[in-house]
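K.L.:
build me a model from this:
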Amino acid sequence: MTIEPDASSEKRSADLADVSTLPTAQIEPIWRPSAERIHAAGLTRFMAWLKRERGLDFDGYESLWEWSVTEIEDFWASIWTFGELRAATPYREVLHERVMPGAKWFDGATLNYADQMLWRAQQPAWRDRPAIIFQSETVARQETSWAALDSQAGSLVATLTRLGVQPGDRAVSYMPNIPQTMVALLACAGCGAVWSSCAPDMGAAGVLDRFRQISPRILFTVDGYRYGGRDFDRKQVVRELVAELPSLQAVIFVPYLDTAASVGASIEVPAKGGDAARSVAVIEWRDAIAKPQPFAARPMPFDHPLWIVYSSGTTGMPKPIVHGHGGTVIEYLKNWSLHVDLVEGDRFFWFTSTTWIMWNMTVSALIAGATVLLFDGNPAYPDLTTLWRFAERERASFFGLSPAFVQLNVKNGISPRTLVDLSSLKTVGSTGSPLTDDGYRWIYQNVHPDVLLASISGGTDPNTAFLGTCPIAPIYAGEMQARGLGSAVYAYDESGQAIYGEVGELVCAQPMPSMPLYFWGDTDGRRYFESYFEMYPGVWRHGDWLKLIRRPETVTGVIYGRSDSTINRHGIRMGTSELYRVVEAFDEVADALVIDLEYLGKASYMALFVVPQPPAHLDEALKRRLLDAIRTQLSSRHVPNDVFEIAAVPRTISGKKLEVPVKKILLGVPAEKACNKSAMANPESIDWFVNFAAQRTGLPTA
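P.N.:
Down below sits the predicted model:
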């Protein structure tokens with residue numbers, strides 16, 4: 001049951017009122033779809049099918065959306081049928097009970113994600129068509145046909161089977177955005193293994209924080225990669241991963257940076273801490289796929305684990321989020337076919353890292369029969385035209401970017417449409433952080449005047465976009481077009497009332513098949529519950545500030561940034577606790593606080609505040625060592641913009657760091673509204689941040 005606004009509810013609290021007064025987008029749309037585009041849209045075909053097959057008639061998107069979040073069982077059953085979902089056995093019921101967490105979807109059904117991606121490869125008309133087109137700084141352009149993709153995945157399934165991999169075993173990847181990584185995911189899914197991935201630009205500490213939790217059996221890895229013209233050898237990191245992951249039984253090695261690279265026939269791990277010495281076999285990629293054979297996926301229960309992705313909260317280790325085969329397939333059938341409007345033969349590109357859920361979604365464009373365009377390297381090397389020239393050469397119909405990339409182009413005066421031919425584009429995607437009004441206008445003025453701008457928000461946790469695109473509706477600058485079908489998304493105030501025209505907490509009030517099955521190792525479900533359902537029991541709280549706006553055609557949405565203290569850099573989230581583990585390991589650091597001030601319309605700014613351990617002080621040498629440690633042990637994407645010395649970290653009486661109140665103060669919220677000093681162990685510590693915010697005029701503000 002959705003909760004609509006209560007006229008008697010009190011106005012939002014002052015700290016949120018400050019951000020809700022930000023100006024909204026202009027009233028007139030910046031773009032309208034043509035009559036031809038509306039007629040050809042998957043949404044139009046879906047509504048016609050519902051009328052013909054189910055007797056349901058909708059006067060527009062909003063009435064369709066309302067039905068999809070009210071009659072949720074009927075809606076998801078219609079996606080199953082309309083999307084021609086491939087299942088080995090049918091389901092007995094769509095949804096056992098409308099509960100979160102714990103919803104049980106499509107009980108009895110068996111299917112496989114990889115089968116849904118690759119079935120076209122065995123159709124004669126598809127075998128020679130390109131499934132993947134790849135370019136990188138490391139190797140020359142490559143094409144992989146549907147037949148070759150099918151054969152390589154089939155060969156790798158046979159290799160994994162010979163290695164004894166069983167359904168439910170974990171296989172992890174330390175590989176970049178290359179075709180071999182796609183093949184590995186499809187093969188693991190095909191035999192029921194559970195996939196998990198980190199990009200090789202992550203250091204050993206960050207990778208181990210993730211992979212240690214899931215006890216993997218197989219590691220896929222490269223020797224290194226090239227980025228911005230520089231070579232990064234990762235063989236020593238690979239040996240460290242093998243040494244610290246005792247569950248590993250085999251490594252499948254791709255010589256990518258150097259085609260002659262090797263780590264030997266095995267990696268020897270000496271005895272350590274009472275553990276016996278061990279030897280981990282290494283299989284070269286060419287040997288792993290040496291015996292071509294057709295791909296045959298093993299049918300799995302609808303809720304069998306497909307992959308584990310990571311989204312960090314503010315405390316503890318990264319959350320190992322488990323998504324299932326069935327929920328992923330049915331959500332991606334809906335999203336790619338209806339919202340993104342992908343069709344067979346489209347050429348789909350999104351610049352992404354294999355650490356990010358957008359990589360999983362990029363692979364999944366195969367579900368629509370699209371050719372996946374992969375790029376590995378620095379998008380600004382040798383200059384900012386690299387990706388645009390890639391899109392021109394490959395005739396991309398979908399081009400996915402980030403607001404940070406847009407800003408790079410703006411600052412450097414790049415106008416892609418004057419430099420390259422982008423006439424093949426139908427859609428431009430944007431996610432990772434909020435895209436501003438000016439960002440919308442830049443795309444229409446400098447990329448293409450008649451594209452669907454698919455600005456979306458959702459991500460790793462729900463395995464989908466909560467808000468996104470609607471090909472049959474107009475676009476208003478700075479606003480995402482609509483709430484996703486089947487996504488009962490609202491902005492809630494603190495009393496749990498839905499609000500419009502004001503900033504509130506982004507929530508989802510009904511279960512969705514793509515939501516996490518559970519967190520790996522969270523045996524009692526407590527961590528899963530606390531991550532999403534503690535604030536509003538039975539309702540998913542996502543952790544973003546959202547304003548919903550009633551437009552004539554749809555309810556649009558604007559995301560204003562994180563409502564918690566999670567770090568979000570270029571779409572990849574990391575918990576502050578991960579950074580503290582690195583920083584506070586320094587003997588010279590007694591305590592630390594990190595604040596990410598990503599905010600709509602402002603440049604991302606992340607500050608690290610450290611309390612030195614006497615007699616140490618924060619000098620330039622220590623600052624460099626701290627930043628280098630974060631870069632090498634965690635991720636180059638999460639290096640703070642600056643480091644500052646403070647006397648004390650503000651804490652509650654119970655000892656919790658006051659990350660969110662400090663973030664509010666640095667965004668301009670008065671201290672008396674941001675925190676309760678009487679509940680603090682060291683209330684005087686807040687004064688430093690009040691003064692800092694006043695002096696640092698370049699900081700983002702609310």
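
K.L.:
which intervals of the stretch 1-150 of the chain have sub-threshold pLDDT?
P.N.:
1-26 (pLDDT under 70).

K.L.:
all helices for it, in order.
P.N.:
Listed in chain order, the helices of the stretch 1-150 of the chain (DSSP state H, counting those that start in this stretch) span 14-20, 35-40, 42-54, 61-70, 72-82, 113-118, 146-162.

K.L.:
most tightly packed of these?
P.N.:
helix 113-118 (a mean of 27; mean count of other C-beta atoms under 10 Å). From N, CA and C alone the C-beta is placed, and that goes for glycine too.

K.L.:
residues in contact with that helix?
P.N.:
Contact with helix 113-118 is made by 85-86, 146, 149-150, 153, 186-187, 189-190, 295, 297, 299, 306, 325, 328-329, 333, 363-364, 366-367, as judged by C-beta atoms under 8 Å, 6 or more residues apart in numbering.

K.L.:
next one: stretch 351-358
P.N.:
Applying C-beta under 8 Å, 6+ apart, the set of residues contacting stretch 351-358 from outside is 173, 175-177, 181, 197-199, 201-202, 309-310, 350, 359, 362, 375, 379, 387, 400-402, 405, 431-432, 459-460, 463, 571-572, 635, 637.

K.L.:
next one: it to chain centre, how far?
P.N.:
7 Å (C-alpha atoms, centre = their mean, to the nearest Å).

K.L.:
now stretch 28-36
P.N.:
In terms of C-alpha atoms, centre = their mean, the centre of stretch 28-36 is found 29 Å from the chain centre.

K.L.:
then stretch 349-357?
P.N.:
Distance of stretch 349-357 from its chain centroid, counting by C-alpha atoms, centre = their mean, is 8 Å.

K.L.:
repeat that for stretch 102-120.
P.N.:
Worked out by C-alpha atoms, centre = their mean, stretch 102-120 lies 21 Å from the chain centre.

K.L.:
can you check stretch 461-476 too?
P.N.:
Centre-to-centre, stretch 461-476 and its host chain are 15 Å apart (C-alpha atoms, centre = their mean).

K.L.:
avg pLDDT for that stretch?
P.N.:
Across stretch 461-476, pLDDT averages out at 96.

K.L.:
can you give me the end-to-end span of it?
P.N.:
27 Å (C-alpha to C-alpha, to the nearest Å).

K.L.:
same check, this time on stretch 662-672
P.N.:
11 Å.

K.L.:
that one: which residues count as buried?
P.N.:
Neighbour counts over stretch 662-672 (16 or more other C-beta atoms under 10 Å) mark 662-667, 669, 671 as buried.

K.L.:
dump those to TSV, plus secondary structure.
P.N.:
Formatted as TSV, those follow (DSSP: H, G, I helix; E, B strand; the rest coil):
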residue	secondary structure
Val662	helix
Lys663	helix
Lys664	helix
Ile665	helix
Leu666	helix
Leu667	coil
Val669	coil
Ala671	helix
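
K.L.:
now a ChimeraX select for only the buried ones of the contacts of helix 113-118.
P.N.:
Per 16+ other C-beta under 10 Å, the buried members of the contacts of helix 113-118 correspond to this ChimeraX selection:
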select :85,146,149,150,153,186,187,189,190,295,297,299,306,325,328,329,333,363,364,366,367
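
K.L.:
among the contacts of helix 113-118, which are in strands?
P.N.:
Leu306 (DSSP state E).

K.L.:
for the stretch 251-400 of the chain, give me the ranges with low pLDDT.
P.N.:
Along the stretch 251-400 of the chain, the model assigns pLDDT under 70 to residues 312-316.

K.L.:
burial measure for Pro449, as a count.
P.N.:
If you count neighbours by other C-beta atoms under 10 Å, Pro449 ends up with 10.

K.L.:
can you report phi and psi for it?
P.N.:
phi -80, psi -10 (degrees, to the nearest 10).

K.L.:
how near is the residue nearest to Ser145 when sequence neighbours are not counted to Ala148?
P.N.:
In this structure, Ser145 finds its nearest non-sequential neighbour in Asp128, 5.5 Å apart by C-beta to C-beta, 6 or more residues apart in numbering. Per C-beta to C-beta, to the nearest Å, Asp128 is found 9 Å from Ala148.

K.L.:
same check, this time on Gly164
P.N.:
Here Gly164 is placed at a distance of 27 Å from Ala148 (C-beta to C-beta).

K.L.:
and if you look at Leu306?
P.N.:
Distance, Leu306 to Ala148, by C-beta to C-beta: 23 Å.

K.L.:
Pro434 too?
P.N.:
Going from Pro434 to Ala148 by C-beta to C-beta gives 39 Å.

K.L.:
Leu366 now?
P.N.:
Between Leu366 and Ala148 the distance is 13 Å, computed by C-beta to C-beta.

K.L.:
and if you look at Ser531?
P.N.:
Distance of Ser531 to Ala148, computed by C-beta to C-beta: 40 Å.

K.L.:
ok, now Phe586?
P.N.:
According to C-beta to C-beta, Phe586 and Ala148 sit 49 Å apart.

K.L.:
likewise Ile665?
P.N.:
56 Å.

K.L.:
next one: Val669
P.N.:
Distance of Val669 to Ala148, computed by C-beta to C-beta: 56 Å.

K.L.:
what's the answer for Tyr227, then?
P.N.:
Applying C-beta to C-beta, the value for Tyr227 to Ala148 is 27 Å.

K.L.:
can you pull out the helices in the stretch 501-650 of the chain?
P.N.:
Per DSSP H, counting those that start in this stretch, the stretch 501-650 of the chain carries helices over the ranges 526-532, 576-583, 620-633.

K.L.:
the ones you listed: lowest mean pLDDT?
P.N.:
Ranked by mean pLDDT, the helices of the stretch 501-650 of the chain bottom out at helix 576-583, with a mean of 80.

K.L.:
how far away from the center of its chain is that one?
P.N.:
21 Å.

K.L.:
restrict that helix to CA atoms and write it as PDB.
P.N.:
Taking Å, rounded to 0.1, in the frame of the first residue of the first chain, the C-alpha atoms of helix 576-583 are listed here in PDB:
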ATOM      1  CA  THR A 576      34.000   5.600   5.000                       C
ATOM      2  CA  SER A 577      35.100   2.600   7.200                       C
ATOM      3  CA  GLU A 578      37.200   1.300   4.300                       C
ATOM      4  CA  LEU A 579      39.100   4.500   4.100                       C
ATOM      5  CA  TYR A 580      39.500   4.700   7.900                       C
ATOM      6  CA  ARG A 581      41.100   1.200   7.900                       C
ATOM      7  CA  VAL A 582      43.900   2.500   5.700                       C
ATOM      8  CA  VAL A 583      44.300   6.000   7.200                       C
END
